[in-house]
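> I'd like to go over a predicted model; first the sequence, then the structure.
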Amino acid sequence: MDQFSLDTPKEGFIDITAKVRELIRHSCIRQGICQVFVPHTTAGVTINENADPDVVADMLMAFDRMVPNLPYRHMEGNSPAHIKSSMVGCSITLPVVDNKLLLGTWQGIYFCEFDGPRRRSVWVQVMGG
């Protein structure tokens with residue numbers, strides 16, 4: 001398993017596609033799957049369009065509307081971040097063929113920060129033969 005770190009903004013989506021592709025290229029796996037995992041309760045990982053930055057802005061706006069600021073009981077004051085993280089999820093699984101990550105034409109992998117700024121980790125495991 002490989003791991004990399006990134007510094008995040010207060011809230012936002014960071015395109016990590018190139019880093020995941022690099023880790024797959026350096027693996028010895030020709031055919032298999034790649035698991036990307038985020039070990040944080042106020043962040044997540046997702047796949048979405050990476051051609052138009054307005055998609056990311058729209059997603060952040062929609063999350064803010066779906067998870068309003070309410071009188072949450074969690075004392076740290078970051079309950080919306082925990083909820084958004086659960087909505088997005090903490091892992092994705094992707095196919096690897098010929099030692100390359102398979103994504104659709106417009107797809108990219110995004111680290112989703114909901115409670116930054118922070119130094120975060122991403123774990124990547126490539127499995128197969």
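Yep, that arrived.
> Give me the most central residue, this structure.
Centroid-nearest residue in the chain: residue 45, 2.1 Å away (criterion: Cα atoms, centre = their mean).
> Show me what that residue bridges to in the sheet.
With DSSP bridges as the criterion, residue 45 is bridged to residue 111.
> buried residues in the longest helix anywhere in the chain?
Criterion DSSP state H: the longest helix present in the chain is helix 53-66. Residues 55-56, 59-60, 63 are the ones in helix 53-66 that count as buried (16 or more other Cβ atoms under 10 Å). Where you see a C-beta, it was placed from the backbone N, CA and C, and this is true even at glycine.
> Please name the residues that touch residue 21.
100-101 (Cβ atoms under 8 Å, 6 or more residues apart in numbering).
> Per-residue pLDDT of it, please?
pLDDT for residue 21: 97.
> my read is it is in a helix, agree?
Yes - inclusion of residue 21 in a helix is indicated when DSSP: H, G, I helix; E, B strand; the rest coil is applied.
> Tell me the secondary structure at residue 39.
coil.
> And residue 121, by the same measure?
Assignment for residue 121 (three-state DSSP): strand.
> before we move on, the earlier item: so the residue nearest to the centre of the chain sits against residue 39, correct?
No - in this structure, residue 45 is not within contact of residue 39 by Cβ atoms under 8 Å, at 10.5 Å.
> Could you find the closest non-adjacent residue to residue 3?
Of all residues not flanking residue 3 in the chain, residue 123 sits nearest, at 5.1 Å (Cβ to Cβ, 6 or more residues apart in numbering).
> Please enumerate the helices of this protein.
Under DSSP H, the chain gives helices at 17-26, 53-66, 79-88.
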